[in-house]
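*Asks:* let me see the structure of the following:
(4 chains)
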There are 2 protein chains.
Amino acid sequence: MSEATLKDVARVAGVHVGTASRALDPERSHLVNEVTRKRVQAASESLGYKVNVMARGLRKGSSGLIGMVVADVGNPFLSPLLRGIEQELGPRGFMTVVAETHEKSESLQQICEQLLARRVDAIVIAAAHLGDEPFIRSLEALVPVVLAVRQVGGTGHHTVTHDDVLGARLATAHLVDLGHDTLAQLHGPADVSSFVDRAAGFRQVVSERGCRDVSLTEVAAKPTVAEGKRLTGLLLGRAAIRPTAIFAHNDLMAVGAVEALTEAGLSCPEDVSVIGYNDSPMTAHLEPALSTVRLPSHALGRQAAARVLAQLGGQEPASTLQLQPDLVLRSSTAGRRGVLSTTA
Amino acid sequence: MSEATLKDVARVAGVHVGTASRALDPERSHLVNEVTRKRVQAASESLGYKVNVMARGLRKGSSGLIGMVVADVGNPFLSPLLRGIEQELGPRGFMTVVAETHEKSESLQQICEQLLARRVDAIVIAAAHLGDEPFIRSLEALVPVVLAVRQVGGTGHHTVTHDDVLGARLATAHLVDLGHDTLAQLHGPADVSSFVDRAAGFRQVVSERGCRDVSLTEVAAKPTVAEGKRLTGLLLGRAAIRPTAIFAHNDLMAVGAVEALTEAGLSCPEDVSVIGYNDSPMTAHLEPALSTVRLPSHALGRQAAARVLAQLGGQEPASTLQLQPDLVLRSSTAGRRGVLSTTA
DNA sequence: CACGAATCTGCAATCGATTGCTACACGAAG
DNA sequence: CTTCGTGTAGCAATCGATTGCAGATTCGTG
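*Replies:* Residues are numbered from 1 along each chain as shown, chains lettered A, B, ... in the order given. Sure, this is the predicted structure:
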């Protein structure tokens, strides 16, 4: 049950532990005679020796661990993101520890404490809230930090996000192009940059194209199906003019919207078009199949990892990279009822 | 950028480093005078001291890390499982490192190597294939291992799984109760215990209740929508008798089945009932809403963690725990067409 | 033959925290 | 006044690997 140590290897090979260390390190094995190197290697293999990463880390002052902070691992766009990070970092000897905040700022701080105690070499935060800026600034004094997916404002942060303004613009422009001129958005929690940006993109296009924005002022407490349904219910129940197209800040809320429409006796896309965001796994198989915005999450993961490596390598200047999403058109969006005949 | 060490704390507090160590450890702080303890504590806080977990781990011979091996973090039932594990282990000072195998046995072995190099205190494997038994046996000689979700056969393994035989029995019995007597299953990859067990449960009920099993002999290469659709296509295209109900080994394949039916001009549940497995997130919102089997994954995570702790505590005898799934009935399953009128 | 260079290898300090043992001071008891 | 106990705190070894430095050996060359 006890592992072999370098001392054991050295003893079996009949050399000093320092020599064994050098023999086993590709970077330094040229300092060791070919013959002894082979002998050490053989001893190492026969004993099943595996370097003790803790001991090495202690000496070298780096743990080979990267902390990854997410809100909720169940979020479908996180798996390509994590995969992207692993893909870049894994081959370089790093491993990733993932921790969840469940969207709570206190737990973000607690988690970072723990990660610091483990002397992680860097922290990737994909769960930042807008209000976390001061904390993150202080964290950056202690460890390299990369903000992924969500920004926090302020300057000097290394950030890699999706371009959510663009994504929202794409989605909204698509609706306008279909002939809709009375639109509403289902707004996700306002303390997350992604939703704030999507809201901004929506408003830009609505105003540029001279459409009517009949959105609620109320914002979803959580970006869930239930909230999407509730808000859409509110939207439909109001005395004001109804939208003929809805831009939901994520797919879950879009699903909720479709359900609310159905319950109100309206159908999608005939009466109201709905577009979501994220291109979640099952969306293509819904009825109607959901039009949505696809995010390059895998690329985002790789870029985030690249930023980590860059910071570890030398003093990289902070910068913000935005990856471009694109539209996935399916059947939940269609021309406005009557538009065709009107035009004809 | 450099962290304070215990030596710094000791210097500021004007005590020896050993004393500082004791003062900061609740277990041993009674060995230190109340006054000096306070002084050390104050120094620690003023310096923002955080224990170096690597150094402690090296000395104490334990890393406080638990390795978690999964096939694919995108699998929706993993998030409650991971949460369950964190919930038990987090408060006890452990952190979890998650690694993905992508269903490849070589990478299972590579990952375990890396985890061993990090001296993880235990490994939880949720990605085992049936053929991995010998490897896992050898691994158990080096580190406490808990098998979660999937078994590997053989004896002496600490295992916590869903009772997939029962789950399949429940699903199949439900179909038979609805009046179906010609059934087929869509079989997931045969090197995974979960699917083997589901197949067995299905066959048991089919035979007990005197039904006809018209399943394909072919098994899905992967448990995906595409494979579910392809296999269902095959099933419908055969000269043999068509099933009136299909048990898919997971929800994705069930979705594929529904699509294949639709394309063949059949409808679900009117012509053919379909039931899935896992109760994946969107299944309630599909058309038709999918009947399925719900797994207590969160509880499974907690149990797996409990097993880890038990093994870490003392020599617990190996055992297998099976958690009971239950049925979620929605609208993709219905009485056999014509059954009602026949009975009438 | 000798001397400097080149090539290996050993030595020992080091990373930061833990912990068994020792040492000191003080007070009480004999 | 000595002895023993108790409460504190210091000392130093230890975990396992890395690495700058120095010693040793061999080789080439003047």
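
*Asks:* distance of the closest residue to DNA strand D within the stretch 101-250 of chain A relative to A:Arg37?
*Replies:* Among the residues of the stretch 101-250 of chain A, A:Arg119 lies closest to DNA strand D, at 13.1 Å counting by C-beta to the nearest atom of the strand. C-beta: built from backbone N, CA, C; applies to glycine. According to C-beta to C-beta, to the nearest Å, A:Arg119 and A:Arg37 sit 31 Å apart.

*Asks:* could you pull out the helices for the stretch 201-344 of chain A?
*Replies:* Here the stretch 201-344 of chain A has its helices, by DSSP state H, counting those that start in this stretch, at A:225-237, A:251-263, A:297-313, A:339-343.

*Asks:* residues in contact with the closest residue to A:Asp72 other than its chain neighbours?
*Replies:* Distances taken as C-beta to C-beta, 6 or more residues apart in numbering or on different chains put A:Glu100 closest to A:Asp72, at 6.0 Å, once the chain neighbours are dropped. For A:Glu100, the residues meeting the contact criterion (C-beta atoms under 8 Å, 6 or more residues apart in numbering or on different chains) are A:Val69, A:Val70, A:Ala71, A:Asp72, A:Val73, A:Ser107, A:Ala127, B:Arg83, B:Glu86.

*Asks:* beta partners of the second one?
*Replies:* Listed by DSSP bridges, the beta-bridge partners for A:Val70 are A:Glu100.

*Asks:* count the neighbours of it for me.
*Replies:* Close neighbours of A:Val70, defined as other C-beta atoms under 10 Å in any protein chain shown, add up to 22.

*Asks:* so who does it touch?
*Replies:* Shown in contact with A:Val70 (C-beta under 8 Å, 6+ apart): A:Leu78, A:Val98, A:Ala99, A:Glu100, A:Thr101, A:Ala126, A:Ala127.

*Asks:* do the same with A:Ile85
*Replies:* Residues in contact with A:Ile85 (C-beta under 8 Å, 6+ apart) are A:Ile66, A:Met68, A:Thr96, A:Val124, A:Gly301, A:Arg302, A:Ala304, A:Ala305.

*Asks:* for the residue of the stretch 51-200 of chain A found nearest DNA strand C, which three-state class applies?
*Replies:* Using C-beta to the nearest atom of the strand, the point where the stretch 51-200 of chain A gets nearest to DNA strand C is A:Arg59, with a distance of 3.5 Å. Put simply, A:Arg59 is helix when judged by DSSP: H, G, I helix; E, B strand; the rest coil.

*Asks:* count the neighbours of it for me.
*Replies:* A:Arg59 has 10 neighbours, counted by other C-beta under 10 Å.

*Asks:* next one: A:Val15
*Replies:* 21.

*Asks:* any regions of the stretch 1-150 of chain A where pLDDT drops low?
*Replies:* Counting by pLDDT under 70, the ranges of the stretch 1-150 of chain A that qualify are A:1-2.

*Asks:* show the contacting residues for the closest residue to A:Ala304 other than its chain neighbours.
*Replies:* Spatially, and ignoring its direct neighbours in sequence, A:Ala304 is nearest to A:Ala148 (4.4 Å; C-beta to C-beta, 6+ apart). Taking C-beta under 8 Å, 6+ apart as the contact definition, A:Ala148 lies against A:Leu81, A:Val124, A:Ile125, A:Ala126, A:Thr159, A:Val160, A:Thr161, A:Leu300, A:Gly301, A:Ala304.

*Asks:* which bits of the stretch 1-150 of chain A sit near DNA strand C?
*Replies:* Proximity of the stretch 1-150 of chain A to DNA strand C is assessed by C-beta under 7 Å from any atom of the strand, with A:15-19, A:22, A:30-37, A:55, A:58-59, A:61 identified as the residues in range.

*Asks:* can you do 6 Å?
*Replies:* Taking C-beta under 6 Å from any atom of the strand as the measure of proximity, the stretch 1-150 of chain A contacts DNA strand C at A:Val15, A:His16, A:Gly18, A:Thr19, A:Leu31, A:Val32, A:Asn33, A:Thr36, A:Leu58, A:Arg59.

*Asks:* give me the subset of these that lies in strands.
*Replies:* Filtering those for membership in strands, criterion DSSP state E, returns an empty set.

*Asks:* just the buried ones from those residues, in PyMOL syntax?
*Replies:* Typed into PyMOL, the next command selects the buried ones out of those (criterion: 16 or more other C-beta atoms under 10 Å in any protein chain shown):
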select buried, chain A and resi 15+19+32+36+58
